[in-house]
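Chemist: need a structure here:
(one chain, ligands or ions: 1)
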Amino acid sequence: MNDKELVAVHAAKLVKDGMRVGLGTGSTADCFIKELSRLHKDEGLKVIVIASSVVSAIKAGEMGLPLQSIEQTERIDLYVDGADEVTLDKTLLKGRGYDLVREKLLAKAADRFVVLIDKSKLVGRIGERFPVPVEVMPFAWRMVKDSLEKLGGRPTLRRTANEDGLVMTSYGSLVLDTVFDATIDIADLDDALNAMPGVIEHGIFRGLASSVLIGADGAIQELDIERRSDSQDVDSRDFVDDGTADGD
Ligand SMILES: O=C(CO)[C@H](O)[C@H](O)COP(=O)(O)O
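Modeler: The predicted structure is shown next:
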């Protein structure tokens, strides 16, 4: 089992009978969908799933998981998804896929949002390895590009893999992948993007993740924040998967 499968199998143990579970998008989320489907088929786990993307909906349907549309959903019990970057305060960068709107909706609607990564995703700052994806209304992209440049960003429209067209999200928007200097404050940037006209969604997920499970060389670690009286020390702690996860 590789590290992505390891954390996915562990996260699936958090799912209890009757839960509504949000499914993320990407290779790590796929491992979770596969394990959830196994538990549903082989062990009779009763679950309803809500997908964050068309591709995850198709996968879940093919694997026999009972799907509910996002339109019919208000709250969910658990959302499980991957991320492209994670800092020690559990801020995430997401959005290498094209489904930021649904991903953030599900993250916000979940009683618990569990993020699954391997240790390569842990970074010192958001934006260290990837640009920040900013999803924009197509007619607004030049004005948003200008606003992003005024914030110090270097935005480029995301292109298809063979460079012959522009990527459109499942919401029908364009993506401005934007590089920011290391000095930018991510909380300020998050606030500025949230308030920017023409921006539909962006890839900074701050204050949303309940826990981050890290697959690291065959073991699972959980990102943990320890608060002390006069400071906030952040670290990750070793985690032993003894098969008794109870969702606490
Ligand atoms: O945010 C995402 C899609 O929008 C994915 O969760 C992120 O890209 C991680 O993908 P993977 O698990 O394949 O590394």
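
Chemist: Please state the backbone phi and psi of the closest residue to Val136 other than its chain neighbours?
Modeler: Nearest residue to Val136, sequence neighbours excluded (CB to CB, 6 or more residues apart in numbering): Val144, at 4.6 Å. Using the backbone N, CA and C atoms, a C-beta is placed for each residue, glycine as well. The phi/psi pair for Val144 (degrees, to the nearest 10) reads phi -70, psi -40.

Chemist: what about Val144, distance to the ligand?
Modeler: As defined by CB to the nearest ligand atom, to the nearest Å, Val144 lies at a distance of 19 Å from the ligand.

Chemist: what's the answer for Ile50, then?
Modeler: 16 Å.

Chemist: One more: Lys104?
Modeler: 10 Å.

Chemist: Please work out how many residues are found near that residue.
Modeler: Look at Lys104: counted by other CB atoms under 10 Å, it has 21 neighbours.

Chemist: check contacts around it.
Modeler: By CB atoms under 8 Å, 6 or more residues apart in numbering, the contact set of Lys104 is 201, 205, 208.

Chemist: just the helices in the chain please.
Modeler: 3-12, 27-43, 54-62, 100-109, 141-150, 186-194 (DSSP state H).

Chemist: What average pLDDT does the first one get?
Modeler: For helix 3-12, the per-residue pLDDT values average out at 96.

Chemist: just stretch 118-127 next, same as before
Modeler: When pLDDT is averaged along stretch 118-127, the result is 96.

Chemist: Quick one: residues contacting the residue nearest to Val136.
Modeler: 134, 136, 155, 176, 196-199.

Chemist: With pLDDT and distance to the ligand added, can I get those residues in TSV?
Modeler: Formatted as TSV, the contacts of Val144 follow (pLDDT from 0 to 100; distance: CB to the nearest ligand atom, whole Å):
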residue	pLDDT	distance to the ligand
Val134	97	13
Val136	97	16
Pro155	98	18
Leu176	97	15
Met196	98	20
Pro197	98	23
Gly198	97	20
Val199	97	16
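
Chemist: tell me the domain ranges of this structure?
Modeler: What automatic domain parsing lists as the domains of the chain is 3-123+207-239, 132-202.

Chemist: thinking again about what came up before, kindly supply the ChimeraX command isolating those of the contacts of Val144 that are buried.
Modeler: Selection of buried members from the contacts of Val144 for ChimeraX, criterion 16 or more other CB atoms under 10 Å:
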select :134,136,155,176,196,198,199
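
Chemist: Closest to Leu148 out of the contacts of Val144?
Modeler: Pro155 (4.5 Å; CB to CB).

Chemist: I'd assumed Leu23 was in contact with Gly82.
Modeler: No: if you go by CB atoms under 8 Å, Gly82 and Leu23 don't touch, sitting 11.1 Å apart.

Chemist: what is in contact with those two at once?
Modeler: Common neighbours of Gly82 and Leu23 (CB under 8 Å, 6+ apart) are Ala29.

Chemist: ok, back up a step: can you pick out the most distant pair from the contacts of Val144?
Modeler: So, those by CB to CB: farthest apart are Pro155 and Pro197, at 15.3 Å.

Chemist: on that earlier part again, in strands only, show me the contacts of Val144.
Modeler: In this view, those that belong to strands under DSSP state E are 134, 136, 155, 176, 199.

Chemist: count of residues packed around Gly18?
Modeler: Gly18, neighbours per other CB under 10 Å, totals 10.

Chemist: That one touches Leu78, doesn't it?
Modeler: No: using CB under 8 Å, Gly18 makes no contact with Leu78, being 11.5 Å away.

Chemist: who's in contact with Arg112?
Modeler: Taking CB under 8 Å, 6+ apart as the test, what Arg112 contacts is 14, 77-79, 210-211, 247.

Chemist: quick check, nearest of those to the ligand?
Modeler: Tyr79 (11.3 Å; CB to the nearest ligand atom).
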